[in-house]
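Q: attaching a predicted model along with its sequence, questions to come.
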Amino acid sequence: MIRAAGSDRDTTIIDVGGGASRLVDALLQDGYRDIAVLDLSANALAAAKKRIGQAASTVDWIVADATTWRPARTYDVWHDRAAFHFLTDPRDRVAYVERLRSAVRPGGHVIIATFAPDGPEKCSGLPVQRHDSVSLAAELGPEFKLVETRSETHHTPWHSTQAFQFSRFRRQK
Ligand SMILES: C[S@@+](CC[C@H](N)C(=O)[O-])C[C@H]1O[C@@H](n2cnc3c(N)ncnc32)[C@H](O)[C@@H]1O
């Protein structure tokens, strides 16, 4: 989905709730040059930086809460896998979308992956709000047009499965 949103390697990407995920490694490997990773956890970002080594210095590591963060710039692609679904309070989802709206340029893309309606009710022991493309579209508002949605069965390291949905939206204006 990220490649579909921005095949140009100058595409600017933020991975929100990226934690220690290896997505940033894959993006660097692909040749993307302007990547930010935001997470509440300084420890998770430190683990990713250590793993990546020297190339980590080219990444913007942001320790922040996505519901209160004040973006200093805009991005072409906002990616979030399994962070938004922790926002079970509607007020937090509204605050998150406010940040997203100030960080995604018109014409930019938003990719949000969450547990699907038939997915688990908890993630890492915490309750989650499950979504599909329709509920996400309602959260984002009419400026964001759904481009594609996919189901994915995630196989966890502890040999269970989790039903995910991935939805990609394009900001119209
Ligand atoms: C289940 S992990 C997913 C990590 C990564 N995106 C992946 O797919 O492997 C959720 C991550 O979201 C982060 N997170 C949860 N709520 C957040 C918030 N309000 N702001 C920023 N990060 C948040 C957590 O610290 C954690 O690293």
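A: Here it is on my side, so go on. Residues are numbered from 1 along each chain as shown.
Q: residue nearest the centroid of the chain?
A: Nearest residue to the geometric centre of the chain (C-alpha atoms, centre = their mean): Asp80, 1.1 Å.
Q: does it belong to a helix, a strand or coil?
A: State at Asp80, reduced to three classes by DSSP: H, G, I helix; E, B strand; the rest coil: strand.
Q: who's the closest residue to it other than its chain neighbours bridged to?
A: Distances taken as C-beta to C-beta, 6 or more residues apart in numbering place Val16 nearest to Asp80, at 4.3 Å, with adjacent residues excluded. Yep, even glycine has a C-beta here, placed from its N, CA and C like the rest. When bridges are called by DSSP bridges, Val16 pairs up with Leu38.
Q: list the contacts for the residue nearest to the centre of the chain?
A: Shown in contact with Asp80 (C-beta atoms under 8 Å, 6 or more residues apart in numbering): Asp15, Val16, Gly17, Ala66, Ile111, Ile112, Ala113.
Q: look up the residues forming beta bridges with it.
A: Beta-bridge partners, per DSSP bridges, of Asp80: Ile112.
Q: what does Leu146 give?
A: On the basis of DSSP bridges, Leu146 is bridged to Phe169.
Q: how about Phe144, nearest residue that isn't a chain neighbour?
A: The nearest residue in space to Phe144 (C-beta to C-beta, 6+ apart) is Phe169, at 4.0 Å.
Q: show me what contacts the one you found?
A: Phe169 makes contact with His109, Val110, Ile111, Ile112, Leu136, Ala137, Leu140, Phe144, Lys145, Leu146, Val147, according to C-beta under 8 Å, 6+ apart.
Q: ok, stretch 15-27 near the ligand or not?
A: Yes. Counting by C-beta under 6 Å from any ligand atom, the ligand is contacted by stretch 15-27 at Gly17, Gly18, Gly19, Ser21.
Q: which element is Thr149 on?
A: Thr149 belongs to strand 144-155 when elements are defined using DSSP states H and E.
Q: for Trp69, same thing?
A: Following DSSP H and E, one finds Trp69 outside all helices and strands.
Q: which one of the residues of stretch 15-27 next to the ligand sits in the busiest neighbourhood?
A: Among the residues of stretch 15-27 next to the ligand, Gly18 has the most neighbours (other C-beta atoms under 10 Å), with 26 neighbours.
Q: quick one, phi psi at that residue?
A: For Gly18, the backbone dihedrals (degrees, to the nearest 10) come out as phi -70, psi -30.
Q: got JSON lines for the residues of stretch 15-27 next to the ligand, with pLDDT too?
A: Listed next are the residues of stretch 15-27 next to the ligand as JSON lines, based on pLDDT from 0 to 100:
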{"residue": "Gly17", "pLDDT": "98"}
{"residue": "Gly18", "pLDDT": "98"}
{"residue": "Gly19", "pLDDT": "98"}
{"residue": "Ser21", "pLDDT": "98"}
